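Asker: I would like the atomic coordinates for the input below:
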Amino acid sequence: SVPLRVRGELIGILILGPKRSEEPYSQDERLTLITLANQTAVAVQNAWLYSLEQRKAEESNTLLDIAKAMSSTLQLNRLLEIVTRRTAGVCGVDRCSILLKEEGRERLVPLMSQYADGSQDAALWQAFREETYLEDVGSVPLLRRVLSGREPVVLAADDIDSLPPGWIEPFGIKSLLAVPLVSKDRVIGLMVLDHVHKARGFTEEQVNLAMTIGTQVTIAIENAWLYEETRGGKARTETIVEQAFSGIMVIDPEMRILTLNPEVEAITGYPAAELVGRCLPEVFEPDFWAEGSLLATVMARGERVEPAETRLTGRDGAHDVLLGVTPILDGYLLNFADISRLKEVDRLKSNFVANVSHELRAPLASIKAYTELLLDSLDGDDRVLRHRFLSIIDQETDWLSELINDLLDLSRLES
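Answerer: As a prediction, the model looks like this:
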């Protein structure tokens, strides 16, 4: 027996059987075997190092592929399909699955499951997704351990029975590794790696690699959620802006128009294609943007002020608008409503009130005057004159009644 040593460390033993002759091993033969053992030890060590480098390279390539997938797509299903398949391959397991905790309930929901060899079974996936994880997390000790301890757990063949049979038997799982997906100090789910052909253990390197990939998976899921939330918020914002009854326009600090909604097109008469990218002074009159205007005041102060009335001259002529300006990140939000019709209605109302006041004042003055004459200036019992005065009062009263009835008719028509 000859020791295999590398830098003084024993890595194995070279054992030779008995010689064919009765002679013992000679000193020269022993020295030859020691030399051979040393060369063998170096060769074995080099093979180990090469194998280790190959494995590290494969792990690095897998992590790089996952990183590329994360940067190339935000579609969660497509991303997790790539991640789970590559993870199963590089970790040397048959299958990798991603399960998330259901919001508001202590239950797991399968999100993705892929075999390392790329094989698929639609019926098995349907059962896995819809019929497997029906128990609450609290009723399964393993899950409680993983979720509370936030540490990976390995279940060998002897321990696999600690999981509900419906989680194991339909899928032929012999051993598994469960890695928690931790986001912002809370566990959002699990990444499960399992052997389905025969029970195998998990080395420390496999566990560490799975934890590293699990961290990237968590980031990928968070990014996908954030993308969906941002896209949903963007869609809601766009809908609100598009359907708003007032004009909404965003400009940059140089007064260049960045975006606008259809109501701005309706008010100004300019299509969006003609306005976006142009500066306000190129399109609108100085009343809207020059020194002393509300926009200039807000740009000078850097803070919002009370909305004010101004004139906006567009392709369809001048409009009275109520303008509000709010500083936003790298620009300003202009919100304005066309009040031209309101101003016109207000002017008509003022004219109407003036006319009605005049029409009411004239008969009232006559009634007042003739009443005073009847009370103060009529001597004796001049029935003819009294009849004349009272007839005039009666006529004026009828006129007032008719005018009031017209006003009531107008009010009913307006209603």
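Asker: make it CA atoms for all contacts and neighbour counts henceforth
Answerer: Fine.
Asker: next up, the contacts around residue 113.
Answerer: Listed by C-alpha atoms under 8 Å, 6 or more residues apart in numbering, the contact partners of residue 113 are 81, 84, 95, 96, 97, 98, 125.
Asker: what helix or strand is it on?
Answerer: Element membership of residue 113, judged by DSSP states H and E, is strand 108-115.
Asker: so where's the stretch 301-415 of the chain uncertain?
Answerer: Judged against pLDDT under 70, the low-scoring parts of the stretch 301-415 of the chain cover residues 377-381.
Asker: can you map out the strands along it?
Answerer: Counting by DSSP state E, counting those that start in this stretch, one finds strands in the stretch 301-415 of the chain at the ranges 308-314, 317-328, 331-338.
Asker: just say which of those is most tucked in.
Answerer: Across the strands of the stretch 301-415 of the chain, averaging neighbours per residue (mean count of other C-alpha atoms under 10 Å) puts strand 331-338 on top, at a mean of 20.
Asker: just the C-alpha atoms of it, please, in PDB.
Answerer: C-alpha atoms of strand 331-338 as PDB (Å, rounded to 0.1, in the frame of the first residue of the first chain):
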ATOM      1  CA  GLY A 331     -41.100  69.600 -16.000                       C
ATOM      2  CA  TYR A 332     -44.500  71.100 -15.400                       C
ATOM      3  CA  LEU A 333     -48.100  69.800 -15.500                       C
ATOM      4  CA  LEU A 334     -50.500  72.200 -17.200                       C
ATOM      5  CA  ASN A 335     -54.200  71.600 -16.500                       C
ATOM      6  CA  PHE A 336     -56.700  73.800 -18.100                       C
ATOM      7  CA  ALA A 337     -60.400  73.900 -18.800                       C
ATOM      8  CA  ASP A 338     -62.100  75.800 -21.600                       C
END
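Asker: picking up where we left off before, just send the strands of the stretch 301-415 of the chain back as CSV, with distance to residue 64 too.
Answerer: Below are those laid out as CSV (distance: least, C-alpha to C-alpha, whole Å):
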stretch, distance to residue 64
strand 308-314, 55
strand 317-328, 38
strand 331-338, 39
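Asker: pLDDT below threshold where in this protein?
Answerer: For the chain, the ranges with pLDDT under 70 are 59, 62-63, 66-74, 104, 237-245, 377-381.
Asker: for it, which helix is longest?
Answerer: Across the chain, the longest stretch assigned as helix under DSSP state H is helix 27-72.
Asker: now find how far off-centre the next helix or strand after that one is within its chain.
Answerer: Using DSSP H and E, the helix or strand that follows helix 27-72 towards the C-terminus is helix 76-90. Remark: helix 76-90 is offset 23 Å from the chain centroid, using C-alpha atoms, centre = their mean, to the nearest Å.
Asker: who does the helix or strand just after helix 76-90 touch, helix- and strand-wise?
Answerer: Using DSSP H and E, the next helix or strand after helix 76-90 towards the C-terminus is strand 95-101. Where contact means 3 or more C-alpha pairs under 8 Å, 6 or more residues apart in numbering; DSSP states H and E, strand 95-101 is packed against helix 76-90, strand 108-115, strand 186-195.
Asker: pick the most deeply packed of the ones you listed.
Answerer: It is strand 186-195: most buried of the helices and strands packed on strand 95-101 by mean count of other C-alpha under 10 Å, with a mean of 23.
Asker: partners of that one, with directions?
Answerer: Applying DSSP bridges to the sheet, strand 186-195 is found paired with strand 95-101 (antiparallel), strand 175-183 (antiparallel).
Asker: about what we covered before: who wins for proximity to residue 318 among the helices and strands packed on strand 95-101?
Answerer: Checking the helices and strands packed on strand 95-101 against residue 318 by C-alpha to C-alpha gives helix 76-90 as the closest, at 51.0 Å.
Asker: now for that closest one, which elements pack on it?
Answerer: helix 27-72, strand 95-101, strand 108-115, helix 204-243.
Asker: rerun at 10 Å
Answerer: helix 27-72, strand 95-101, strand 108-115, strand 186-195, helix 204-243 (3 or more C-alpha pairs under 10 Å, 6 or more residues apart in numbering; DSSP states H and E).
Asker: want to throw those into CSV with distance to residue 403?
Answerer: Output for the helices and strands packed on helix 76-90, formatted as CSV (distance: least, C-alpha to C-alpha, whole Å):
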stretch, distance to residue 403
helix 27-72, 76
strand 95-101, 75
strand 108-115, 76
strand 186-195, 76
helix 204-243, 43
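Asker: residue contacts, residue 7?
Answerer: By C-alpha atoms under 10 Å, 6 or more residues apart in numbering, the contact list for residue 7 reads 41, 42.
Asker: what about it, distance to residue 193?
Answerer: Distance, residue 7 to residue 193, by C-alpha to C-alpha, to the nearest Å: 37 Å.
Asker: ok, now residue 6?
Answerer: For residue 6, the distance to residue 193 (C-alpha to C-alpha) stands at 36 Å.
Asker: if we can go back for a sec, would TSV of the helices and strands packed on strand 95-101 with distance to residue 278 be doable?
Answerer: Converted to TSV, the helices and strands packed on strand 95-101 look like this (distance: least, C-alpha to C-alpha, whole Å):
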stretch	distance to residue 278
helix 76-90	39
strand 108-115	48
strand 186-195	48
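Asker: out of those, which is closest to residue 311?
Answerer: Going by C-alpha to C-alpha, the one of the helices and strands packed on strand 95-101 nearest residue 311 is helix 76-90, 50.0 Å.
Asker: angle of that closest one against helix 27-72?
Answerer: Interaxial angle, helix 76-90 versus helix 27-72 (axes from the mean of the first three to the mean of the last three C-alpha atoms, to 10 degrees): 180 degrees.
Asker: follow-up on the earlier one: the helices and strands packed on strand 95-101: which one's closest to residue 382?
Answerer: helix 76-90 (103.9 Å).
Asker: kindly export that closest one (C-alpha atoms) in CSV.
Answerer: What follows is helix 76-90, C-alpha atoms only, in CSV (Å, rounded to 0.1, in the frame of the first residue of the first chain):
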residue,chain,number,x,y,z
LEU,A,76,-42.8,36.0,-15.3
ASN,A,77,-43.8,32.6,-16.8
ARG,A,78,-41.2,32.7,-19.6
LEU,A,79,-38.5,33.9,-17.1
LEU,A,80,-39.2,31.1,-14.6
GLU,A,81,-39.4,28.5,-17.3
ILE,A,82,-35.8,29.3,-18.2
VAL,A,83,-34.6,29.6,-14.6
THR,A,84,-36.2,26.3,-13.3
ARG,A,85,-34.9,24.2,-16.2
ARG,A,86,-31.3,25.6,-16.0
THR,A,87,-31.4,25.2,-12.2
ALA,A,88,-32.5,21.6,-12.4
GLY,A,89,-29.6,20.9,-14.8
VAL,A,90,-26.8,22.7,-13.0
